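# Here's a sequence, model it:
(one chain, ligands or ions: 2)
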Amino acid sequence: MRRATLYRYQLPLVPGTVLRDRRVAEREGLLVQLRHGAAEGWGEVAPLPGFSAETLAEAQAAVQAGLRVWQAGGGFSGSGVPSADWGLSIALAELTGTLPEAADFTTVPLCHGDPDALFARLAGQPLAKMKVGLYEAVRDGMLVQLLLEALPDLHLRLDANRSWTPEKARQFARYVDPALRARIAFLEEPCRTPQASRAFAQESGIPTAWDESAREAGFRVQAEPGVTALVVKPMLLGSLAQVQARIREAQAAGLAVVISSSVESSLGLTQLARLAAWLTPGSATGLDTLSLMAAQLVRPWPGSALPLRPVADLQEVWSC
Ligand SMILES: O=C(O)CCC(=O)C1=CC=C[C@@H](O)[C@@H]1C(=O)O
Ligand SMILES: [Mg+2]
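Ligands and ions are numbered 1, 2, ... in the order given. Below is the predicted model of the structure:
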């Protein structure tokens with residue numbers, strides 16, 4: 001007998017959390033629980049406001065339609081709603097044992113805050129990710145220069161979320177010594193258009209990684225000068241099969257693939273750590289977003305001191 005249950009969650013985010021120019025106070029989503037005989041599988045469905053095209057209500061409707069088909073003995077057929085397809089397909093992969101248990105919990109620290117706190121946090125780290133583009137480009141360039149100069153073992157991943165005009169990007173680069181730029185592993189989406197980002201990468205020697213561009217219609221994974229990596233956020237992309245296909249294409253084109261968070265709960269993040277160990281071994285993940293939350297959900301992330309909310313605390317919203 002097949003059974004499916006949907007739970008709704010709300011997790012407070014630390015005050016001041018900003019996602020694409022907006023302050024966000026809490027993260028909302030659904031957990032899917034599938035049961036078939038003694039087997040169980042979980043998945044998370046949590047469209048990310050400002051990044052996902054669908055609302056949570058639309059995702060819930062798509063998941064329920066998929067679950068009704070599955071419960072009646074059918075297979076998984078994608079709905080085209082990325083968060084619904086990801087959550088349902090990963091729950092099925094867990095149920096059937098397709099998603100291996102082994103996980104890679106070492107992730108690249110995501111850094112915010114004032115420069116002094118950053119120095120203390122990054123001393124001894126080989127690799128860290130820093131947001132740029134939130135303040136003046138010149139300030140970002142000076143901070144990157146300071147960090148790379150002061151911490152000679154540090155490499156950086158940067159992310160501008162498409163904030164810069166070509167001129168702003170040049171202002172940033174002007175403040176980073178050409179000799180230090182080799183320690184910038186990549187800069188995600190420096191400019192407002194992919195064409196401008198490509199041109200900036202070639203002009204500055206700072207490699208680009210695609211994130212937002214990879215979710216646009218017409219995007220093709222390909223080897224191109226100045227582009228070194230592809231960021232994959234499964235919650236924004238779609239089913240496990242779509243995620244696997246995207247990773248395979250990128251690897252075949254010689255791009256590094258970084259499995260990255262869409263600010264999932266600890267349950268979703270631990271599944272992404274398992275996905276990374278399975279499909280992108282050796283590529284450091286971008287999953288350091290649990291510290292934005294006030295609690296963990298159902299499954300703990302190893303080493304996190306945040307309180308864990310058990311299934312019993314969740315609100316059941318639907319079952320079949
Ligand atoms: O990729 C990482 O290292 C962490 C996740 C991360 O940076 C992001 C997650 C979700 C939305 C954005 O704020 C941001 C990104 O743009 O990649
Ligand atoms: Mg990004």
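
# from memory P310 sits against V298, does it?
Yes. The criterion here is Cβ atoms under 8 Å, and P310 meets it with V298 at 6.7 Å. (C-beta placed from N, C-alpha, C; glycine too.)

# Looking only at neighbour counts, state which of the two leads.
Between P310 and V298, V298 has the larger neighbour count (other Cβ atoms under 10 Å), namely 21 against 8.

# so the residue lying closest to that one once chain neighbours are set aside is in which element?
Closest residue to V298 apart from its sequence neighbours, by Cβ to Cβ, 6 or more residues apart in numbering: L267 at 4.7 Å. L267 belongs to helix 266-279 when assigned by DSSP states H and E.

# and the residue in the chain that ligand 2 sits nearest to, what does it touch?
With Cβ to the ion as the measure, D211 is the residue of the chain nearest to ligand 2, at 3.6 Å. If you count contacts by Cβ atoms under 8 Å, 6 or more residues apart in numbering, D211 has them with 159, 161, 188-189, 231, 233, 260.

# What's opposite the residue nearest to L67 when sequence neighbours are not counted in the beta bridge?
Counting by Cβ to Cβ, 6+ apart, L67 lies nearest to A4, which is 4.3 Å off, once chain neighbours are set aside. When bridges are called by DSSP bridges, A4 pairs up with L34.

# Go ahead and confirm A4 touches L95.
No. The criterion here is Cβ under 8 Å, and A4 misses it with L95 at 10.2 Å.

# got any residues that touch both of these two?
Shared contacts of A4 and L95, counting by Cβ under 8 Å, 6+ apart, come down to 34-35.

# what's the burial count for D288?
Count around D288 with other Cβ under 10 Å applied: 18.

# can I assume it sits in a strand?
No. Assessed with DSSP: H, G, I helix; E, B strand; the rest coil, D288 is coil; it does not lie in a strand.

# right, and it touches L110 too?
Yes. At 4.2 Å, D288 counts as touching L110 under the criterion of Cβ under 8 Å.

# Common neighbours of these two, please.
Contacts common to D288 and L110, judged by Cβ under 8 Å, 6+ apart, are K129.

# just to revisit the earlier point, read off the pLDDT value for the residue nearest to V298.
pLDDT, L267: 98.

# so how many other residues sit close to it?
21.

# ditto for G303
7.

# any idea how far T107 is from it?
11 Å (Cβ to Cβ, to the nearest Å).
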